[in-house]
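J.: model this:
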Amino acid sequence: MPRFRLLIAYDGTDFHGWQRQEPPGLEPLRTAQGVLTTAVSDLMSHRVVVHGASRTDAGVHARGQVAAFSIEATRVPIERLAMAINSRLPRDIEVRDAQVVAEGFDPVRDCFSKNYSYRLRHGSAGRPLQVNGRPDPFDRCMTAHCRQELDLARMRLAASAMTGTRDYKSFAHCPEQRETTIRTVHTCTVVEIGAGLLRFEVSGSGFLYHMVRIMVGTLVDVGRDKLDPQSIPEIIASCDREQAGQTMPPEGLCLEWIHYGQRGRA
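T.: Here you go, the predicted model:
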């Protein structure tokens, strides 16, 4: 049975996350997976289940979400598939690429690594952008804000201690929902990309619920001098969520890319 892989981007502001949600007795919540499943099913004229690689939370964005589905047959040529699906999607979600992949391709299990970014304005230099005297809605929906000016050197020192293969239970919300809280973090960096504007980059084999937002929140607390940058190894070793920093709001977070091996190719 042919299997198709989609590369998807979306503005998560008006989505209740990626995963389809159907509360008992209520209308389904608007999710990226639900909207995409409806569009693909409409195109194929029968029910198609689209499985995604990463369960982004409500309000979180994506430039490189990956999803896959299988169908018996389609009359839509692969080079026109993305365009055909997009014609049935709302403006806040887009299929950027479509490929035929191996029949056994699994967007979750076959993932080698993922990368998230987080945008944050801080201090007086990082005041929200203004349009006609009001906060720019696009900036507001894509960037988090911290009124206090942060110490970039302290944050970079702390970020360098967050990598490795560790038990990241301290950086997880509801860790009991996972079989293991051991993950590998390949990179964790903080870059100043403008006056008062920071970009955090975190890549790894996979992430726990709210893990990246808690990692960034811990770095922000280091930058505010609430936590010592030298305490990161101790925080990780404690496996205690109370020892880590705040959970940052979702609007600054974006799934940038997901990397696969041979099974993710045709």
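J.: Count the neighbours of Glu179 for me.
T.: By the measure other Cβ atoms under 10 Å, the count of residues near Glu179 is 5. No exception for glycine: its C-beta is placed from N, CA and C like everyone else's.
J.: low-confidence ranges in the stretch 151-266 of the chain?
T.: When residues are selected by pLDDT under 70, those of the stretch 151-266 of the chain lie in 176, 262-266.
J.: The same query, at a cut-off of 80, please.
T.: Low-confidence segments of the stretch 151-266 of the chain, defined by pLDDT under 80, are located at 175-178, 261-266.
J.: quick one, strands of it?
T.: 164-167, 182-194, 197-204, 253-260 (DSSP state E, counting those that start in this stretch).
J.: Tell me which of those lies nearest to Glu103.
T.: strand 253-260 (14.8 Å; Cβ to Cβ).
J.: That closest one pairs with which strands, parallel or anti?
T.: In the sheet, strand 253-260 lines up against strand 61-70 (parallel), strand 111-122 (antiparallel) (DSSP bridges).
J.: Determine the angle, from 0 to 180 degrees, between the last one and strand 197-204.
T.: Following axes from the mean of the first three to the mean of the last three Cα atoms, to 10 degrees, one obtains 160 degrees for the angle between strand 111-122 and strand 197-204.
J.: Run the angle between strand 111-122 and strand 182-194 for me.
T.: Strand 111-122 runs at 40 degrees relative to strand 182-194, counting by the same axes, to 10 degrees.
J.: What residues sit buried inside strand 111-122?
T.: Residues Cys111, Lys114, Asn115, Tyr116, Ser117, Tyr118, Arg119, Leu120, Arg121, His122 are the ones in strand 111-122 that count as buried (16 or more other Cβ atoms under 10 Å).
J.: Give me the distance from it to the chain's centre.
T.: On the basis of Cα atoms, centre = their mean, to the nearest Å, strand 111-122 sits 7 Å off its chain's mean C-alpha point.
J.: tell me the average confidence for that strand?
T.: What strand 111-122 shows for mean pLDDT is 96.
J.: repeat for the shortest one
T.: Within the predicted structure, the mean pLDDT of strand 61-70 is 97.
J.: What residues of it count as buried?
T.: Buried, per 16+ other Cβ under 10 Å, within strand 61-70: His61, Ala62, Arg63, Gly64, Gln65, Val66, Ala67, Ala68, Phe69.
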